[in-house]
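Engineer: fold the following.
(one chain, ligands or ions: 1)
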Amino acid sequence: MDSLEGLDTTSVPDYRAMMDLHGRGYLVVGAGRGMGRQTAHAISAHGGRVVCADIDPARAEAVAKEVGGVPVVGDARRADDVQSMVERTVTELGSIDGVVDIVGMARYGAIVDTSEEDWDWVQETVVRHAFLVIRAAGRVMRQQRRGSLVFIASMNGISSAPFHASYGVAKAGLSHLVKTAAWELRPFEVRVNAVAPGSIASPRVAFTRGVDPEELADGKLASMGRTSDIAAAVLYLLTDLAGYVSGQTLAVDGAILAKNPFDMDEPPLPAGKAMGETTEGTHPTP
Ligand SMILES: NC(=O)c1ccc[n+]([C@@H]2O[C@H](COP(=O)([O-])OP(=O)(O)OC[C@H]3O[C@@H](n4cnc5c(N)ncnc54)[C@H](O)[C@@H]3O)[C@@H](O)[C@H]2O)c1
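Structural biologist: This is a model prediction of the structure:
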């Protein structure tokens, strides 16, 4: 063994190769649009093959065509559909090295005005399917002793979620599910993570507002994020670069969650001045 003072001669991995997904198969659930479509492209650009699963047949078909993937139609909220998405991935691609599940939507309303039906719809749409995906894909990955699962959480599951409480609760639950699954699947070399987007100009969000997604997100930190920003983070979590990362929810939010609770966009005093400082010296602070 080297002495503490010696030079570091430990081996250096091939970092470029760690981003290579050639020979691997991935299932993207909700691949037909937005973050799912961008994720399918990101995987394919790094050599991975993709099954593009979506509830909408035309979208599944279109994105599969773009990335040379396999379209599969199914509803992520249904256990039998999730099971067949996983099985189709194994039969079509020969292996299932990763799954990305991007499905999720909020219904809005103050807590006091929320119906039980709306509350339950959001729980099912945001978190229940993640359990189905972990169960179906996790069984195969546990057997093959490798795999990476990535979900889309939200900053609203980390901070509060005014006027969409059920969504915030479900996304917080999703981050918790990710941690628990990560620990349970750790002995089998299966990693489980999530990406928590900030405010993203996805086609669904932009078109609801009647604007073009590219108008809302200009690539600057202070604007809305792009769906490709989320896909890039998902890609990292799928690759061997993240081989020791599991149980995490990675915020991709242009620093929104880092905001101080008080408005402080510029220094409140000239540089180098403390609050209450006088020429005689600084007043003792309580
Ligand atoms: N846009 C934002 O600002 C924002 C912020 C935080 C989190 N998120 C989360 O990002 C994720 C993706 O949002 P988006 O707007 O890019 O996607 P989206 O809602 O446009 O959906 C993407 C695709 O998923 C498909 N899909 C919907 N329900 C499905 C189901 N049950 N089974 C299979 N496919 C289904 C749709 O047909 C669509 O093609 C969601 O989980 C959302 O909660 C979005």
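
Engineer: can you pull out the helices in the stretch 151-286 of the chain?
Structural biologist: Under the criterion DSSP state H, counting those that start in this stretch, the stretch 151-286 of the chain contains helices at 165-185, 203-208, 213-216, 227-238.

Engineer: does the shortest one reach the ligand?
Structural biologist: No - among the residues of helix 213-216, none lie within reach of the ligand under CB under 6 Å from any ligand atom; the closest is 9.7 Å away. Just so you know, the C-beta spots here come from the backbone N, C-alpha and C atoms, and that holds for glycine as well.

Engineer: figure out how far that helix is from the centre of its chain.
Structural biologist: Its chain's average C-alpha position is 21 Å from that of helix 213-216, according to CA atoms, centre = their mean, to the nearest Å.

Engineer: what parts of the stretch 51-200 of the chain come near the ligand?
Structural biologist: 54-56, 59, 75-77, 102-105, 152, 154, 197, 199-200.

Engineer: dump the helices of the stretch 151-286 of the chain into TSV; add mean neighbour count, distance to residue 25 and mean pLDDT as well.
Structural biologist: Putting the helices of the stretch 151-286 of the chain into TSV (neighbours: other CB atoms under 10 Å; distance: least, CB to CB, whole Å; pLDDT from 0 to 100) gives the following:
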stretch	mean neighbour count	distance to residue 25	mean pLDDT
helix 165-185	20	18	98
helix 203-208	14	26	90
helix 213-216	15	29	86
helix 227-238	23	11	98
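
Engineer: ok, which of those helices comes nearest residue 21?
Structural biologist: With CB to CB as the criterion, residue 21 lies closest to helix 227-238 of the helices of the stretch 151-286 of the chain, at 7.1 Å.

Engineer: packing partners for that closest one?
Structural biologist: In terms of contacts (3 or more CB pairs under 8 Å, 6 or more residues apart in numbering; DSSP states H and E), helix 227-238 is packed against helix 34-45, strand 98-101, strand 147-152, strand 190-197, strand 249-252.

Engineer: bridged to residue 71, which residues?
Structural biologist: Legend: beta-bridge partners of residue 71 under DSSP bridges are residue 52.

Engineer: what number of residues lie near it?
Structural biologist: 21 (other CB atoms under 10 Å).

Engineer: so what's residue 53 up against?
Structural biologist: 27, 28, 29, 30, 31, 60, 71, 72, 73, 74, 76, 85 (CB atoms under 8 Å, 6 or more residues apart in numbering).

Engineer: hmm, 10 Å instead?
Structural biologist: 27-32, 36, 40, 60, 63-64, 69-76, 81-82, 84-86, 88-89, 99, 101, 103 (CB atoms under 10 Å, 6 or more residues apart in numbering).
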